[in-house]
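K.L.:
Fold the following for me, if possible:
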Amino acid sequence: MEKEVKYKNLKDNFAVALIFYVFSVLFTILMGCVTLGQFPTMMWLSVLIVHVLAFVIFLVPTKTARAIVCCALLLLQAVIAIVNDVLYRVTGEIFTISKLKLASEATGAFDKSLINPWTIVLFLSLYALAVFCVFFSRKFTKKNEFRVNGRQFGTIVVCALMLFCTIGTGYISFDKVSKDLYYTQFPTTLSYQKYGYYGFYIANILSIMKGENNKMSEVEKQEAVQYFASGKTDTSNAYTGISQDNNVIMILAESLDWVAIDEYFTPHLYKLVYEDGLQFANYHSENKTNMSEGFSLMGTYSRDMMLATHDDDKLANIYGQFSLANMLKEVYPDIQTNYLHGMRGDYYKRSTTFDNLGFDNLYFADDQEEAIKQYEQANGIEYDWTSANFYDFVRDSSFIGYNIKNIIPDTGRFISAYATLSTHGTYQARGSNEKNYQFLTSDANKTQLQAVLQDLRDQGYKPDNVLNKFLYYKAAVMDLDQTVGLIFDRLQETNNLDKTTLVIYSDHNAYYDYVSYLIRDIAVSDARACNVKAYNMPCVIYDQKLIAKFKGEATYTGGAVCDTFVSVADIYPTVCNILGFTYNTQFCYGQDMFEEADKLFIALKDHRYIFNDKYYFYDNKIYAVDGTVDRDNLTAEEEVFLQMVNEALTKLDMQEKLWKDLNTFEYVLQELK
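P.N.:
Coordinates of the predicted model:
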């Protein structure tokens, strides 16, 4: 005789299952509306999965187990809702299982200013109400008993699941665009916006468990060869090779915004940007720091993987072929290649990544802490820092002051890349910013500060929206300014000023404390809308030969301004061109800044905005930066933009296929030689 399962209280089974169903659907809707600002438009799949889970909870025979399963699932949903709210505010992304491997880095950069307490209250209150309903529902249900044997139990489960899965499969295959979005989950935010919590995360978990079949077929291999062979292998214009004998310094200026630069408090930056350098006034960036570094140093980057998480030689050999450092080493074997960052070497595995990118000399603060402290003491620099982490790290000016001969050696040709840190978030938490803040807000500088703030107001900015947080941010930029001064003093000291190409560019805006948004009067709730002005940050090239050519002068006499729309992706091909290096345009996301062609920018982050200064593309729709677009009757200019978008998406998809299939990647490169 088969063993029977006893269900002693069917009303309680139903009550708990119903409570789970109602609250899970509520969480799904609120996560979409509160965090992403949109009702999950195609959440039918999530509702289907909630049906399945509610059915499973209904079948759990004991009251305690049933309550635990229900509360545990809802708690997970509440926690992910809170995590997503913070992540989306910071990066425009949401949590996925693959991001677990970056948990330590993400928490290291976390700051309490990114939390919306009302969101936490909302989701925790909803969860508390659900728990209350679960544990008090038993008071309103009477006991009865229902017996079912194993065969009957299995038949019920199988039939129910077959019904749910049949309906769900039909739904997913209903529309090709919907199907592609569901299986690729890119952009992830758009996928979540459409499918909701369970529709998104069940697919995410299954893809991790089964692994993706990333091998390209023979036909796809040949298509890839033909596609990348169609890329231009050389770019030639008036600036090609003009600085081929130059040294190179690439400085990624973390979170640098125009609003923090003025003539009095940041004189070195002001002189560089507005007087001595070639200013790209229409430069934009909206990517994570590591993506911006990848774009500028090798022209490409994977949207789905942090390159250094794959430490095998094959990947290193592949993406190392594109790097500026390796290209220079191939022509100049004795060149010194240096990478510097004021954090730990293992943070985002930079020590691995930049070794693979051809930088022979790597300098990180965790290897130099005691030496830098002695340097500061010898130079009368007084502030406390104890370790290389996001809450207490060395100032850029101290780090570069100590390493100045490493970034610019006494003799010999060099390329140095440096990612700054002082201007990263948590500005008020750091003692390293305090001295500059006190100087900025002192009575002696009161008149000058008011003049700076009034100048911002006259330009249309709203510094009063975020005044104290802005001042702490500006104090951090003052440290970057001192760093720039050290670098130019050293270039002059070593007679390298006229034979160095120096590029300073922002990786993204100052999203911490919403400085870049609020000072532009962009509401926090709209911070992730593709507002092009919010992503317009500084970029400047100091190169005397280049600037003289740009101005049509025989010799360098001072700076200039370029108004062409450009982005962080355009830095790499520009530097390649002025140094005289060829590159394959199909492997490179950007274009030479001096090419007379329309350009656009792909934000590789989860939302995948594609835009220029006139239009932007999202969710298969075109929007105008100013005004509206008649989507059923596109103008010729809008049609051109749409064609550029389609070409960009093709490039993105082709490159991602190669990143995931390294054997084919290697094969394609071999065929192109």
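
K.L.:
okay, CA-based contacts and neighbour counts for the rest of this
P.N.:
Fine.

K.L.:
Surely residue 515 is within a strand?
P.N.:
No: using DSSP: H, G, I helix; E, B strand; the rest coil, the assignment for residue 515 is helix, not a strand.

K.L.:
how near is it to residue 624?
P.N.:
Residue 515 sits at a distance of 25 Å from residue 624 (criterion: Cα to Cα, to the nearest Å).

K.L.:
These two: which has the busier surroundings?
P.N.:
Summary of the neighbour comparison: residue 515 and residue 624, criterion other Cα atoms under 10 Å, with residue 515 having more neighbours (25 against 16).

K.L.:
Just the element for the closest residue to that one other than its chain neighbours, please.
P.N.:
Leaving aside its sequence neighbours, residue 515 sits nearest to residue 470 (Cα to Cα, 6 or more residues apart in numbering; 6.1 Å). Counting by DSSP states H and E, the element that carries residue 470 is helix 467-493.

K.L.:
name the helices or strands packed onto that helix?
P.N.:
helix 267-271, helix 396-407, helix 434-440, helix 515-518 (3 or more Cα pairs under 8 Å, 6 or more residues apart in numbering; DSSP states H and E).

K.L.:
Just the pLDDT at the residue nearest to residue 515, thanks.
P.N.:
The per-residue pLDDT reported for residue 470 equals 96.

K.L.:
Determine the number of other residues adjacent to it.
P.N.:
23.

K.L.:
separation between it and residue 477?
P.N.:
With the distance defined as Cα to Cα, residue 470 ends up 10 Å from residue 477.

K.L.:
Give me the residues contacting stretch 451-460.
P.N.:
By Cα atoms under 8 Å, 6 or more residues apart in numbering, the surrounding residues in contact with stretch 451-460 are 259, 262, 462, 463, 520.

K.L.:
May I have that stretch exported as PDB, CA atoms only?
P.N.:
Taking only C-alpha atoms (Å, rounded to 0.1, in the frame of the first residue of the first chain), the coordinates of stretch 451-460 have been written out as PDB:
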ATOM      1  CA  ALA A 451      31.900  84.400  -7.100                       C
ATOM      2  CA  VAL A 452      32.500  80.800  -8.300                       C
ATOM      3  CA  LEU A 453      29.000  79.800  -7.200                       C
ATOM      4  CA  GLN A 454      27.400  82.800  -8.900                       C
ATOM      5  CA  ASP A 455      29.300  82.000 -12.100                       C
ATOM      6  CA  LEU A 456      27.700  78.500 -12.000                       C
ATOM      7  CA  ARG A 457      24.300  80.000 -11.500                       C
ATOM      8  CA  ASP A 458      24.900  82.400 -14.400                       C
ATOM      9  CA  GLN A 459      25.700  79.300 -16.600                       C
ATOM     10  CA  GLY A 460      22.300  77.800 -15.600                       C
END
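
K.L.:
what domains does the record give for this structure?
P.N.:
Using automatic domain parsing, the domains assigned to the chain come out as 4-210, 234-589.

K.L.:
circling back to that earlier point, check which residues of the helix holding residue 470 are buried.
P.N.:
469-488, 490-491 (16 or more other Cα atoms under 10 Å).

K.L.:
Could you check the angle that helix makes with helix 396-407?
P.N.:
For helix 467-493 against helix 396-407, the angle by axes from the mean of the first three to the mean of the last three Cα atoms, to 10 degrees is 20 degrees.

K.L.:
the inter-axis angle of the next helix-or-strand element following helix 467-493 versus helix 467-493?
P.N.:
Elements were assigned by DSSP H and E; along the chain past helix 467-493, the next helix or strand is strand 500-506. Counting by the same axes, to 10 degrees, strand 500-506 lies at 170 degrees to helix 467-493.

K.L.:
still on that earlier bit, look up how far residue 270 lies from the residue nearest to residue 515.
P.N.:
18 Å.

K.L.:
Next: residue 124.
P.N.:
When distances are taken as Cα to Cα, residue 124 and residue 270 turn out to be 47 Å apart.

K.L.:
Buried residues, the helix or strand hosting residue 656. List them.
P.N.:
Here residue 656 is covered by helix 636-660, with elements defined by DSSP H and E. By neighbour count, with 16+ other Cα under 10 Å as the criterion, the buried positions of helix 636-660 are 638, 641-642, 644-645, 648, 651-652, 654-660.
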